[in-house]
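J.: got a sequence here, can you build the structure:
(one chain, ligands or ions: 1)
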Amino acid sequence: MKAEQPRVVVITGGSRGIGRAVALAFAKEKAVIAILHYDPDEEAAQETVSLLARQGIEAESHKVDVSQKKDVDRIFSQIIERHGGIDVLINNAGITRDAFFMRMTEEQWDAVIQVNLKSVFNCTQAVIRNMMKNRRGHIVNISSVVGQIGNVGQANYAASKAGVMGFTKSVAREVASRGIHVNAVAPGFIETDMTAVLPEKVREAFLAQIPFGRMGTPEEVAEVVYWLCSEGASYLTGQVIHVNGGMFM
Ligand SMILES: NC(=O)c1ccc[n+]([C@@H]2O[C@H](COP(=O)([O-])OP(=O)(O)OC[C@H]3O[C@@H](n4cnc5c(N)ncnc54)[C@H](O)[C@@H]3O)[C@@H](O)[C@H]2O)c1
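T.: Below is the predicted model:
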């Protein structure tokens with residue numbers, strides 16, 4: 001693929017929240033955008049597609065459970081065949097299944113590890129050969145401040161997000177010689193559906209830990225993700241960039 005062609009960008013969890021904001025950030029450069037999601041219905045995904053259409057982008061949306069390797073392989077092969085390759089992968093899909101560790105079930109543990117960590121393995125494996133062949137590519141994995149500092153009730157989530165950090169650094173070392181950048185962004189407390197369900201007490205406790213005294217917006221995370229995939233970040237790989245209003249320094 002020639003450099004002047006639009007970049008092909010795949011964003012998991014692109015129907016809502018941070019993933020949608022990332023998709024809209026890539027609309028600036030008229031990229032070819034594919035969003036993956038696993039919402040029960042198509043409403044949010046279609047809204048993202050419409051928002052992108054307003055920016056002149058004809059985006060595609062696929063409903064796929066990114067924790068399932070076979071399904072991921074099938075969708076990514078289709079995207080690579082249709083567009084000739086994938087230049088950018090944003091591993092953003094994620095879930096929470098919070099419980100105090102004493103009461104955490106095996107199902108809660110497995111679900112979070114599968115969707116937040118196994119998916120990163122699945123999607124990265126699905127693009128890496130193509131990126132290595134093209135000798136370029138950007139992968140940004142969405143981790144969390146919780147993967148760094150831990151959180152009560154989130155042993156499963158913290159383990160998955162710490163796993164994402166270790167994965168990022170290892171794969172970054174393996175593929176740097178092929179011109180592929182692999183970085184992570186670790187958001188703090190961001191206004192999305194994921195945090196909208198938190199009880200008021202938990203929100204207040206979070207806010208008390210944030211020097212900026214407010215939640216972040218999906219756009220504030222998306223700007224950093226986008227920058228990591230730009231020329232300005234040409235000498236960065238294997239980094240975890242924290243976007244958290246000072247919550248962890
Ligand atoms: N919101 C926060 O405060 C916050 C903080 C730190 C990290 N994060 C991380 O950022 C990412 C995005 O979070 P968000 O707040 O925008 O979440 P969200 O709940 O608003 O959106 C989640 C997205 O992931 C998709 N998804 C869920 N399970 C999936 C599956 N099995 N297969 C494919 N797609 C699936 C959903 O369809 C949706 O598009 C997640 O990885 C999350 O852990 C969020």
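J.: quick check: end-to-end length of stretch 174-181?
T.: 10 Å (C-alpha to C-alpha, to the nearest Å).
J.: in it, which residues are buried?
T.: Of all the residues in stretch 174-181, those buried under the rule 16 or more other C-beta atoms under 10 Å are 175, 180-181. All C-beta atoms are positioned from the backbone trio N, CA, C, and that covers glycine.
J.: assign residue 61 to helix, strand or coil.
T.: strand (DSSP: H, G, I helix; E, B strand; the rest coil).
J.: from memory it sits against residue 51, does it?
T.: No: using C-beta atoms under 8 Å, residue 61 is not in contact with residue 51; the gap is 11.7 Å.
J.: so the two - more neighbours on which side?
T.: residue 61 (19 against 15; other C-beta atoms under 10 Å).
J.: check whether the lengthiest strand in the chain contacts the ligand.
T.: Looking across the chain with DSSP state E, the single longest strand is strand 180-187. Yes: on the criterion C-beta under 6 Å from any ligand atom, strand 180-187 is in touch with the ligand at residue 187.
J.: next helix or strand past that strand?
T.: helix 193-196 (DSSP states H and E).
J.: quick one on the thing from earlier: packing partners for the longest strand of the chain?
T.: In this structure, strand 180-187 packs against helix 119-134, strand 137-142, helix 145-149, helix 155-175, helix 218-228, strand 240-243, with contacts taken as 3 or more C-beta pairs under 8 Å, 6 or more residues apart in numbering; DSSP states H and E.
J.: list the strands paired with that strand, with their directions.
T.: Paired neighbours of strand 180-187 in the sheet (DSSP bridges): strand 137-142 (parallel), strand 240-243 (parallel).
J.: how many neighbouring residues does residue 137 have?
T.: Look at residue 137: counted by other C-beta under 10 Å, it has 24 neighbours.
J.: revised request: answer the last question for residue 101.
T.: Residues near residue 101, counting by other C-beta under 10 Å, number 11.
J.: contact partners for the residue nearest to it when sequence neighbours are not counted?
T.: Closest residue in space to residue 101, ignoring its immediate chain neighbours: residue 155 at 4.7 Å, by C-beta to C-beta, 6 or more residues apart in numbering. Residue 155 is in contact with 101, 104, 109, counting by C-beta atoms under 8 Å, 6 or more residues apart in numbering.
J.: good, we can wrap up now.
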